[in-house]
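J.: Coordinates only, no sequence provided:
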């Protein structure tokens, strides 16, 4: 089904695919936690490729491990790590092998910065926002306060904050303003990649749209790459070049945005798209029966099988990642070339 | 598509709840003593809800929609104006009257986990409203608890009775909240953002459940929400609130298809549908922030952000509410005296 | 309550909690046994001291000190006369009785005292008796004669005339081994006390008991008033536990309720509670207790009342308030208001149960602190004078300069029990803290 869209996606991907080395690539990235009830397989073998200048959305329901993926990428690990392995290449360099100090000095906030979930509520209430935004420059580049504040002012303009906000305290700003400030803090060191974890979920519709406009402009003007972690399908489409859908600690589909939003391949993606209420559509959304798997006790076969309307005998075995001609991945036996209809 | 909409037009139904010139202000004090002003959370609201209809109060945070909900529930006292529920002025109720009122209004909250006492099991959670409202017969309580769980489809009932909230998924927790809201057989249910904390795949399920229950019991259901995209399927009428006021009200289709107020238009424009084309263009969104409820701007409260404000008028005079065809009402100078600009 | 039940089940996984529970269970068993074996009335009676202890030694060590000694210290030996062995000779107007009492003594250490208790039955004329001490090596030492009344204690050890005649303390001289030079040693063997009595009435009888007071006694030893310290150590357990438990329950529950009421109603009530607490927090409780004890009464129940009264408006009211304030705004409280829950029910059923699991560890560790407080008061001389308690024992030990005299057992017994109490509750409390305050849990 939806053959034309797939072709279109292939064209776009073809243009990009043959380009230079990817900005970020992970291979079999694993992050498991140790808890009293057993190992939580939050990140369970993630293969991602992100081209420079691209925005990738990592979509998933709560508890699918998407926030742990950001922790794994930036190596901000809690104490109860049971397993942390795999490879992460950033700008062609294997950053998994770096020691903590080198990682901190050369990768974190210099190459990859991050806006954490609810970060706007985590600003230090007793330090002026300008100083907080300038802080990464003083730490990582050893700049003077004046020079760092000057750069912070530039970044403020970029995210649409007036320069006089530099001297404000967080409580003197609205939620949207604070979110912009947090974004400025992530951008102030000119990182190549910014990871955004649910950057707009706590914000109102209009503010959310404004922030998405800011992100679009930064992406267009500075060529910054983004990884946007969210559960909000509709909002994610505002920025996405590619979409990676996460389920039970794994990626189940990675596809070009046009492909994913119009003709998703994986049965879970299809259902998820159908569950999104649309303002400009009269189809009533459906719901996905059942519950996401428990990361403590994942099924042996396909992790979506018990909720999947299309499951068949084969689903008792874990499906491999299958790539179509355009480089879109689907972790589903239906996409497997060996399965009946063949290539999809 | 919209079955409900046609029902609305079928004729005047009994008014269950009406608010007249309703104000809920909160005193703002400094050092516990000095009054330094009022937060005008609800600032002059008039509306009427009919029996068996589903409405949605839509607005951004701080527009007063949650304060309105709490005022209707009797959790806040109105500063001015009246709420009339089933013919009774809530301001004139005595303690017994309040108890009876509370039994007739159900409340579904936003955060299902927070809405359930973590130390009570499901049986206890559902028994509490019955106990405090004088259902003293344990067998009768048990019967009603089981019936309520069946109604929200937490089956088999036996399996859920002894569970504590943390053992339930978000969707199941919200079903318990709904069962609790319905167990006293209310005529009106107020649902404050009932699905915003739930995962996308569960939201529809809960909204459908609410709709089914609303139909089966002929409930009046008032959604308080910021999410216009779900409203289309689950409400008949929409009230759009901004800075403590209702600025536009209309049937769902009328409001979504022909929004009149510039704020409503902006709100609709801001809401994305999942579409890859979204990423290719910027959205036309008014900047600025909703005004402070401590000192709202004079005239139309949206005028500082309004792209089509009429200079010399909108910032001076409060726009009156204009009723257009099909009961579509809007408070905007653009639409005063006729079909509008 | 799920969190509570879950938490208690988890306790099994903490060895310290299991050990703590074992200690507490042992203390409870001791307490229960003490209360059953020695009823409250007789415990007070025993502790009052007096004649009932006269056959107990003064300041005897606990029996277990012998495990650590080369030559064992004697325990108390009582030998009563056997009517069957009494020889009777009739005289006109009198009878002569010869009463032999044989004592098998097998220690090289001397007894601490030697007394004869005479039980004479007569109407008017007091019997007369004369005693002779026969040592195992065949010496016969006359101990003198005297008239005796009905219940007479003939204190051989305190007989100054005898002491002068023998040239040493009588109980040393009578047991001394003549073959030993230098520091005297007791001669083990069968001693015989021969009492030659003359009774003047036909119905008169006479019995006697020879008591060789030991230097060790029972599990706990005895004090300066010959009282068995075991009574105090046993009975101190229920008193300490009851004091600690009642004080902890009383203060915690009342404080919790007051804090919750203040938080729920807010306004002037909350402000009032806060001000009272602040005033109370700067009041010195111990001096006030000393004052109450000095000026009014040192009854343990009065002290308990004062301790609870001061404990109620303590710093923990502030802590509970801080914990309850966010709960007041919790959605489930709002929902409960919406379905009509009244104030009392809201406080008791909705607010307090929410923080109860977090308070249990603190509550458990609070118990020994009240036990210690009671003991400290007793050591300061503010203990209940009637009730046998651990603190009272230590107070006696202190006032009798026990450590100066080397009576370390007098202090060790109650101190060990206090430490065990503290240890048991602390181990349980810390384990509970880990369970109920997951942030402290080791990852």
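T.: On my side now, so go ahead. Every value quoted in this text rests on a predicted model; they were computed, and no experiment measured them. Numbering: from 1, shown residues only, chains lettered A, B, ... in the order given.

J.: OK, contacts around residue A:49?
T.: A:22, A:24-25 (CB atoms under 8 Å, 6 or more residues apart in numbering or on different chains). No exception for glycine: its C-beta is placed from N, CA and C like everyone else's.

J.: got it, and residue B:319?
T.: Contacts of residue B:319 by CB under 8 Å, 6+ apart are B:299-300, B:331-333, B:336.

J.: Switch the residues you listed over to a markdown table; also include secondary structure, neighbour count and pLDDT.
T.: Compiled in a markdown table, these are given as follows (DSSP: H, G, I helix; E, B strand; the rest coil; neighbours: other CB atoms under 10 Å in any protein chain shown; pLDDT from 0 to 100):
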| residue | secondary structure | neighbour count | pLDDT |
| --- | --- | --- | --- |
| B:299 | coil | 18 | 87 |
| B:300 | coil | 28 | 89 |
| B:331 | strand | 23 | 90 |
| B:332 | coil | 26 | 89 |
| B:333 | helix | 23 | 89 |
| B:336 | coil | 16 | 81 |
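
J.: ok, those vs chain C, which is closest?
T.: residue B:331 (29.9 Å; CB to the nearest CB).

J.: check contacts around that closest one.
T.: B:245-248, B:261, B:300, B:318-322.

J.: quick one: average pLDDT of stretch B:57-67?
T.: Mean per-residue pLDDT for stretch B:57-67: 87.

J.: May I ask which of the contacts of residue A:49 has the most neighbours?
T.: residue A:24 (24 neighbours; other CB atoms under 10 Å in any protein chain shown).

J.: quick one, phi/psi of that residue?
T.: phi -140, psi 140 (degrees, to the nearest 10).

J.: I'd guessed it sits against residue A:88; true?
T.: Yes. Applying CB atoms under 8 Å, one finds residue A:24 in contact with residue A:88, separated by 7.2 Å.

J.: what helix or strand is residue C:371 on?
T.: Residue C:371 is part of helix C:352-377, with elements assigned from DSSP states H and E.

J.: roughly how far is that helix from the heart of the chain?
T.: 23 Å (CA atoms, centre = their mean, to the nearest Å).

J.: Can you list the buried residues in that helix?
T.: C:352-368, C:370-377 (16 or more other CB atoms under 10 Å in any protein chain shown).

J.: ok, back up a step: which one of the contacts of residue A:49 is nearest residue C:418?
T.: residue A:24 (63.6 Å; CB to CB).

J.: which strands and helices sit next to the lengthiest helix in chain B?
T.: Criterion DSSP state H: the longest helix present in chain B is helix B:200-217. The helices and strands touching helix B:200-217, judged by 3 or more CB pairs under 8 Å, 6 or more residues apart in numbering or on different chains; DSSP states H and E, are helix A:267-275, helix B:170-182, strand B:188-192, strand B:220-225, helix B:228-234.

J.: Now with 6 Å, please.
T.: Applying 3 or more CB pairs under 6 Å, 6 or more residues apart in numbering or on different chains; DSSP states H and E, we find helix B:200-217 packed against helix A:267-275.

J.: so where's chain A shaky on pLDDT?
T.: A:1-19, A:339-344 (pLDDT under 70).

J.: For it, just list every one of the helices.
T.: So, for chain A - with DSSP H - the helices run A:3-17, A:66-74, A:100-106, A:129-140, A:145-158, A:175-187, A:205-222, A:233-236, A:257-262, A:267-275.

J.: out of the ones you listed, deepest packed?
T.: helix A:257-262 (a mean of 26; mean count of other CB atoms under 10 Å in any protein chain shown).

J.: Next one: that helix, is it in contact with chain B?
T.: Yes. Using CB under 6 Å from any CB of the partner chain, we find that helix A:257-262 touches chain B at A:257-258, A:261.

J.: The residue nearest to the spatial centre of chain B pairs with what?
T.: The structure's chain B has its C-alpha centroid closest to residue B:224; by CA atoms, centre = their mean the separation is 2.5 Å. Counting by DSSP bridges, residue B:224 is bridged to residue B:57, residue B:192.

J.: For chain C, see how far away it is.
T.: 13 Å (CB to the nearest CB, to the nearest Å).

J.: Now do the phi/psi pair for the one residue in the stretch 1-150 of chain A that gets nearest to chain B.
T.: Nearest residue of the stretch 1-150 of chain A to chain B (CB to the nearest CB) works out as residue A:61 at 4.2 Å. Dihedral angles of residue A:61 (phi, psi; degrees, to the nearest 10) stand at phi -80, psi 170.

J.: try residue B:261
T.: Dihedral angles (degrees, to the nearest 10) for residue B:261: phi -80, psi 140.

J.: From what I see, it and residue B:332 are in contact.
T.: Yes. Shown here, residue B:261 and residue B:332 form a contact pair, counting by CB atoms under 6 Å, at 5.0 Å.

J.: if we can go back for a sec, wait, which of the helices of chain A is closest to residue A:319?
T.: helix A:267-275 (10.9 Å).

J.: got the angle between the closest one and helix B:200-217?
T.: Relative orientation of helix A:267-275 versus helix B:200-217 (axes from the mean of the first three to the mean of the last three CA atoms, to 10 degrees): 50 degrees.

J.: For residue 116, grab the count of nearby residues.
T.: Since no chain was named, I'll use chain A. Neighbour tally, residue A:116, other CB under 10 Å: 20.

J.: Wait, chain B was what I had in mind.
T.: 26.

J.: tell me the pLDDT at it?
T.: pLDDT, residue B:116: 93.

J.: Over to the one 3 residues further on?
T.: Residue B:119 is assigned a predicted lDDT (pLDDT) of 88.

J.: Done for today, thanks.
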